[in-house]
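[1] with the sequence up front, the predicted model follows.
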There are 4 protein chains.
Amino acid sequence: MKKIKVGIVGGAGYTGGELIRLLLHHPHAEISFVHSKSNSGNPLHKVHQDLIGETGILFTSELSEDIDVLFLCTGHGEARKFLESNIIAANIKVIDLSNDFRLSSNAFYHGPVKANGEDIITRYFVYGLPELNKEQIQSAQNIANPGCFATAIQLGLLPLAKAGLLEEIYTTGITGSTGAGQGLATTSHFSWRANNIQAYKTLTHQHLAEIGQSLLQLQSGSNIDLSFVPWRGDFTRGIFISSTLHCDLSLEEIKKLYKDFYSGHHFTIISDDAIFLKQVVNTNKCVIQLEKAGTKLVVHSAIDNLLKGASGQAVQNMNLMFGLDETAGLHLKANYF
Amino acid sequence: MKKIKVGIVGGAGYTGGELIRLLLHHPHAEISFVHSKSNSGNPLHKVHQDLIGETGILFTSELSEDIDVLFLCTGHGEARKFLESNIIAANIKVIDLSNDFRLSSNAFYHGPVKANGEDIITRYFVYGLPELNKEQIQSAQNIANPGCFATAIQLGLLPLAKAGLLEEIYTTGITGSTGAGQGLATTSHFSWRANNIQAYKTLTHQHLAEIGQSLLQLQSGSNIDLSFVPWRGDFTRGIFISSTLHCDLSLEEIKKLYKDFYSGHHFTIISDDAIFLKQVVNTNKCVIQLEKAGTKLVVHSAIDNLLKGASGQAVQNMNLMFGLDETAGLHLKANYF
Amino acid sequence: MKKIKVGIVGGAGYTGGELIRLLLHHPHAEISFVHSKSNSGNPLHKVHQDLIGETGILFTSELSEDIDVLFLCTGHGEARKFLESNIIAANIKVIDLSNDFRLSSNAFYHGPVKANGEDIITRYFVYGLPELNKEQIQSAQNIANPGCFATAIQLGLLPLAKAGLLEEIYTTGITGSTGAGQGLATTSHFSWRANNIQAYKTLTHQHLAEIGQSLLQLQSGSNIDLSFVPWRGDFTRGIFISSTLHCDLSLEEIKKLYKDFYSGHHFTIISDDAIFLKQVVNTNKCVIQLEKAGTKLVVHSAIDNLLKGASGQAVQNMNLMFGLDETAGLHLKANYF
Amino acid sequence: MKKIKVGIVGGAGYTGGELIRLLLHHPHAEISFVHSKSNSGNPLHKVHQDLIGETGILFTSELSEDIDVLFLCTGHGEARKFLESNIIAANIKVIDLSNDFRLSSNAFYHGPVKANGEDIITRYFVYGLPELNKEQIQSAQNIANPGCFATAIQLGLLPLAKAGLLEEIYTTGITGSTGAGQGLATTSHFSWRANNIQAYKTLTHQHLAEIGQSLLQLQSGSNIDLSFVPWRGDFTRGIFISSTLHCDLSLEEIKKLYKDFYSGHHFTIISDDAIFLKQVVNTNKCVIQLEKAGTKLVVHSAIDNLLKGASGQAVQNMNLMFGLDETAGLHLKANYF
């Protein structure tokens, strides 16, 4: 089988690095180039130092057209600009990890595909949450890869939305330091973050829009009111979510909703035992636990923010787009301890 | 000024150790004995190894009556048993750190004060949250010291209760490993807890009863519905709480409620800046931050679970009971980093 | 190609768990049974909870003879006992992860291979450090898998031993909490170990004997004096070593010794940049860095104690014993962050 | 008793912050001003956020002469520049926390004490390690406060130097992230430093000079060869040292040397039990443990790098200079957990 040729833009960041780690061992894909202006000419392991001894690939500032798919691992707002200022041939699929194309209101990109400005094409970005949009992803030319908090929260709520049960939801989530990228900031300084907890973007996190869009896709015509309080955690990887809401169904009925909804989805698993973050760190899994007391339902969910919340899900989307087994290259050994 | 003579029962545990650390430097108190059956005869620093070079006190299995106040740092359920099986003279004040006497339904202890079983006395335990019950504490003979989560959650909600504004509250809290004591358990193993998060006792935490009692003390005749999801955090000390609820007042009006409520209370401080856990670790403080979006109010609060959530608050209560400045012995240097 | 059939004894511990994680994704091996008395009948994911959704294998208390290789992941002293009290057919290869057979003085096992006590066989255990004994491993029937500290220290010193340059060596090493197993102990309690450092087994660590044996295998007839101070670190995985010694060669000459020595060895890599622990965590690699000032040479080396220091190296040995590519099943994604 | 009036320059950094924390609760000192250009006009708690509710002092860009002692908490190289560009009256004592004046070769400062350039004075800085130079400190006008690694290593070796026993010493030390200051750097990023270990400045650490100077002060005319490998640790506070050397004395004889040497020194304590870092974190103590095997001696020592290794020792020096009890203001509650 011919390997999928992959180009990566923004390969020096966290999500770019994780994508490289995954694709180096992917059975049906190979990296054609890793683009990074600031690191051009350096071997990958100068930045991603765990790769020492594994690959001779160098960062490049050149883009090649001899690829099947291009991953954009640039910052938010940079993906659209990149497409505007670089000619990407129409036949190349694009998977964007930023938030530039996630909402239906900004899911279209119009632009030239030749340097002379001719042949304007339109790219439409499918929201790449396989548990929600698997069929569209399989036939998509372009993917807007979901946000990390958005993935973990949605996976915890989608079955309830499908059953039309969502109204008021109170969600708290905690994320590791890699969620904020590798930029240096007071809140990413080890002396500050170690042994610390802080709330941020209370009730105003930027992922609320894409979450709302997905929930309404399944439960249209409703008013869904999601209050989300994100916390900074003192760990590097992972997201843990607890969402509380009223629900009149029994716990068994609710569990059945979830198991039915996720029955064809390999990576999202309903656990009867108490879940915890390290079950999923360094994997592409999402684990979900359901608890009930009186009329209150609590849904816990956990993912690795860089894998199921970013680069792992991007590879999962690539697999679907190219007709591969969804799990190809994603049989990952959890760090666990 | 004559120093208060203090006896400590259960001095080998976390809260006992913190109490010793505080009282060794207290300007108006001195430790008469530290009771521990299992460590009897050992110097304190064999267990609390930071105390090396600071004190020659030995653990003892004997109780002396020549004390003014007795702190019970035993496990939940053990405090009542201790009073039943040991004769504590009626004039000795008791501060109990367990949950045995916190609810009005179990705030009374009836028992003998002489070995022959004569002279039955009744001890009534005042719920020792100074921000709620300062006057009763000042004249109390016995104190039921509040729980750690209970302290942090109540301090975040009391001003709203006083204003009659509480209805449905959605609270998430995270606690360090010392909250579970020094017993060995899978969830206290470093290999498990490092870099991990897990929910536990979802909607059923044992502190809900004392929280409800206090809120209704200020907002009587209401239905207050508090949904609390506690998390295990991967740090050793501290509690961080976010509570979300509907509130029609403006943020400024709410802040005024809080500042008025806590105006005479040295340790509870309203912050206009984003708070974080390490502001209060190794101190007796509680910091509170208020945020609002639409009709939703979020109250963040943070304490050190072993100090304001246990031994520090116990010393604060002792200070009040003996007519001292509330802050005596509690000017603590934060660890901060 | 027919898959290697694997049995695992002691599958509920840390090294057993890591072995399962590796073998579930190994292209040329399959798990026949995972033996654990205490967990018999439970699915693997009841203990190794990251495996939820990945496998339906149950722990068993039965041993099957229909395997090609048996891994012993029992505690030190338990492996020999296991062989004595269970009949393992002579044709089944054995890889023991304990220290029972590592020294030439105890590398032999004599015992029956049938329940009636007939057919006494002798098993000889080759010390399974591929960088030292690759050829013997390839033809070995039994492997004594090296200790974790022993692996990291030896890989840092073998090229110098081969060049006859070792005399006095001063080594400090730090290990994560998983190095001590999953037993509960004061020093494995999160409240103690977080943010803490302690020396233990100063100059007397049990791995000194196997290290000395390997160094003398390459530099026979010498007096090699290795002073080793192990530290407990406040992390879960990994070992970092710095060894200091006198050496008259230039840094370039020394680097050449190392690069030559490890030229055919995929997992051990000489770095010109400063190495750090997280380069190798969750991989089977060892990275080595060399520094020199005056006549002093410092060799830094780092491994994952559970992989290159235990289960990863065990799989590497299995690969060699069965004529596979040494790296089969060991292309692991580093956790890195 | 009249309180000592204190000025602090560089009050927005880590050591400045710790100094403020200590002096706010010091019984015989009071802060006159905290100088910081970048934070002038802000309350202290805008930077040191744990101080909220404790003090109304503002950072200032003005220097007042109405002080008894000035602490310089500026970066290395900045202290000398500060004295050159600011007129500090001759009667004001100076305690410098940088490395500008620690070596006898640069212990003198010559400069004007009036704005017109008149009245050149010479300041001589005594090396402020009380366990080495207590008498000189008591009569000193200026103090060069020792480095953090330098303090921990010296305290581990001084008794041996006094006994003339030092020759070759092999030392490994590990330091927390606060040792590198609050500047943002790759190695201070939480995502990098968490769960990580790295060596740096191998055999070339800048504290070697001051260590050598002190050892030769007690063991003059010797060749002392100290090989020091510093490690970055994944914790915020503290330094742990293990030094290995040949020594023919018995362990009992060596312990006696240490106990005699430190008999009048409150903060440095010889432990018969295994020491660990968290015994001393958030205190001004140094704990020392001695172990022996054959002719090898290992000395372990531990301090808090920001207290006994910086601001705590600076206050200790102030106490000595002003004839106070050495421990005034330094009865600190360890964080311990």
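    Happy to help now that I have it.

[2] in chain A, where's the longest helix?
    The helix that spans the most residues within chain A, counting by DSSP state H, is helix A:148-162.

[3] mind checking the SS state of whichever residue of the stretch 101-250 of chain A sits closest to chain C?
    Distance from chain C to each residue of the stretch 101-250 of chain A (CB to the nearest CB) is smallest for residue A:236, at 4.5 Å. Backbone N, C-alpha and C define where each C-beta goes, glycine included. Here residue A:236 is coil, with the state taken from DSSP: H, G, I helix; E, B strand; the rest coil.

[4] residues from the stretch 51-200 of chain A in reach of chain B?
    A:170, A:172, A:174, A:191-192, A:195-200 (CB under 8 Å from any CB of the partner chain).

[5] in helices, which of these fall?
    Using DSSP H, the members of these that fall in helices are A:191-192.

[6] quick check: the residue in the stretch 151-300 of chain A that chain D sits nearest to vs residue C:166, distance?
    When distances are taken as CB to the nearest CB, the stretch 151-300 of chain A approaches chain D most closely through residue A:184, which lies 3.6 Å from it. The spacing between residue A:184 and residue C:166, counted by CB to CB, to the nearest Å, is 42 Å.

[7] more crowded one of those two?
    Between residue A:184 and residue C:166, counted using other CB atoms under 10 Å in any protein chain shown, residue C:166 has the larger neighbour count: 24 against 13.

[8] how far away is the closest residue to the more buried one other than its chain neighbours from residue A:294?
    Closest residue in space to residue C:166, ignoring its immediate chain neighbours: residue C:224 at 4.8 Å, by CB to CB, 6 or more residues apart in numbering or on different chains. Using CB to CB, one obtains 69 Å as the distance from residue C:224 to residue A:294.

[9] quick one: which of those two has more around it?
    For residue C:224 versus residue A:294, the count of surrounding residues by other CB under 10 Å is larger for residue C:224: 16 against 9.

[10] looking at it, that one is touching residue C:217, isn't it?
    No - counting by CB atoms under 8 Å, residue C:224 stays clear of residue C:217, with 11.2 Å between them.

[11] from the contact counts, what lies against the longest helix of chain A?
    With contacts taken as 3 or more CB pairs under 8 Å, 6 or more residues apart in numbering or on different chains; DSSP states H and E, helix A:148-162 sits against helix A:130-138, strand A:168-175, helix A:208-218, strand A:225-232, strand A:239-246, helix A:251-261, strand A:286-293, strand A:296-303.

[12] would you reformat those as a markdown table and include mean neighbour count and mean pLDDT?
    Putting the helices and strands packed on helix A:148-162 into a markdown table (neighbours: other CB atoms under 10 Å in any protein chain shown; pLDDT from 0 to 100) gives the following:
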| stretch | mean neighbour count | mean pLDDT |
| --- | --- | --- |
| helix A:130-138 | 18 | 98 |
| strand A:168-175 | 24 | 98 |
| helix A:208-218 | 19 | 98 |
| strand A:225-232 | 22 | 98 |
| strand A:239-246 | 24 | 98 |
| helix A:251-261 | 16 | 98 |
| strand A:286-293 | 22 | 98 |
| strand A:296-303 | 26 | 98 |
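
[13] ok, which of the ones you listed comes nearest residue D:303?
    In this view, the helices and strands packed on helix A:148-162 are compared for proximity to residue D:303 by CB to CB, and strand A:225-232 is the closest at 29.8 Å.

[14] pairing partners for that closest one, with directions?
    Listed by DSSP bridges, the sheet partners of strand A:225-232 and their directions read strand A:168-175 (parallel), strand A:198-199 (antiparallel).

[15] just send the ones you listed back as TSV, with distance to residue D:104 too.
    Below are the strands paired with strand A:225-232 laid out as TSV (distance: least, CB to CB, whole Å):
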stretch	distance to residue D:104
strand A:168-175	52
strand A:198-199	47
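
[16] near chain C, which residues of the stretch 101-250 of chain A?
    Applying CB under 8 Å from any CB, we find that the stretch 101-250 of chain A lies next to chain C at A:176-178, A:194-195, A:236-237.

[17] secondary structure class for the residue nearest to residue A:92 when sequence neighbours are not counted?
    By the measure of CB to CB, 6+ apart, the closest residue to residue A:92 outside its immediate chain neighbours is residue A:70, 5.4 Å from it. Here residue A:70 is strand, with the state taken from three-state DSSP.

[18] give me the pLDDT for the residue of the stretch 151-300 of chain A closest to chain D.
    Model confidence at residue A:184, given as pLDDT, is 90.

[19] mind telling me what element it is part of?
    Residue A:184 is part of no helix or strand when elements are defined by DSSP states H and E.

[20] ok, it touching residue D:182?
    No - between residue A:184 and residue D:182 there is no contact, the gap being 11.3 Å when judged by CB under 8 Å.

[21] one step back: wait, the residue of the stretch 101-250 of chain A closest to chain C touches residue D:194, no?
    Yes - when contacts are counted by CB under 8 Å, residue A:236 is listed as touching residue D:194 (5.1 Å).

[22] touching both of these two, which residues are there?
    Any residue near both residue A:236 and residue D:194 by CB atoms under 8 Å, 6 or more residues apart in numbering or on different chains counts here, and that gives A:177, B:195, C:337.

[23] any idea of the pLDDT on the spatially closest residue to the second one that is not a sequence neighbour?
    The spatial neighbour of residue B:195 that comes closest, neighbours along the chain excluded (CB to CB, 6+ apart), is residue A:235 at 4.2 Å. Residue A:235 carries a pLDDT value of 98.

[24] any idea how many residues pack against residue A:235?
    The burial metric for residue A:235, expressed as a neighbour count using other CB under 10 Å, is 29.

[25] what's near enough to touch it?
    When contacts are counted by CB under 8 Å, 6+ apart, residue A:235 touches A:176-177, A:277, B:195-197, B:234, D:194.

[26] out of the residues you listed, which comes closest to residue A:155?
    Taking CB to CB as the measure, residue A:277 is the one of the contacts of residue A:235 closest to residue A:155, at 14.6 Å.

[27] am I right that the closest one is in contact with residue A:238?
    Yes - taking contacts as CB under 8 Å, residue A:277 lies within contact range of residue A:238: 4.5 Å.

[28] now do the shared contacts for those two.
    Shared contacts of residue A:277 and residue A:238, defined by CB under 8 Å, 6+ apart, comprise A:302, B:195, B:197.

[29] next one: the one helix or strand in chain A whose mean pLDDT sits lowest to chain centre, how far?
    Of all the helices and strands that make up chain A, strand A:108-112 has the lowest average by mean pLDDT, DSSP states H and E, namely a mean of 90. Its chain's C-alpha centre lies 23 Å from the corresponding centre of strand A:108-112 when counted by CA atoms, centre = their mean, to the nearest Å.

[30] run the chain-centre distance for stretch A:314-331.
    13 Å.

[31] same check on stretch A:14-32?
    For stretch A:14-32, the distance from its own C-alpha centre to the chain's C-alpha centre is 15 Å (CA atoms, centre = their mean).

[32] just the terminal-to-terminal distance for it.
    Using CA to CA, to the nearest Å, the end-to-end distance of stretch A:14-32 comes out at 19 Å.

[33] show me what counts as buried in it.
    Neighbour-count burial for stretch A:14-32 flags A:14-24, A:26, A:29, A:31-32 (criterion: 16 or more other CB atoms under 10 Å in any protein chain shown).

[34] returning to that earlier point: closest one to residue B:310 among the helices and strands packed on helix A:148-162?
    Closest among the helices and strands packed on helix A:148-162, once you apply CB to CB, is strand A:225-232, at 23.1 Å.

[35] that closest one vs strand B:296-303, what angle?
    Counting by axes from the mean of the first three to the mean of the last three CA atoms, to 10 degrees, strand A:225-232 points 30 degrees away from the direction of strand B:296-303.

[36] most neighbours among the shared contacts of residue A:236 and residue D:194, which one?
    Of all the shared contacts of residue A:236 and residue D:194, the most densely surrounded is residue A:177 (29 neighbours; neighbours counted as other CB under 10 Å).

[37] from residue B:325, how far off is it?
    Between residue A:177 and residue B:325 the computed distance is 41 Å (CB to CB).

[38] circling back to that earlier point, now, which of the residues of the stretch 101-250 of chain A next to chain C sits nearest residue C:79?
    Proximity of these to residue C:79 was ranked by CB to CB; the top entry is residue A:237 with 34.8 Å.
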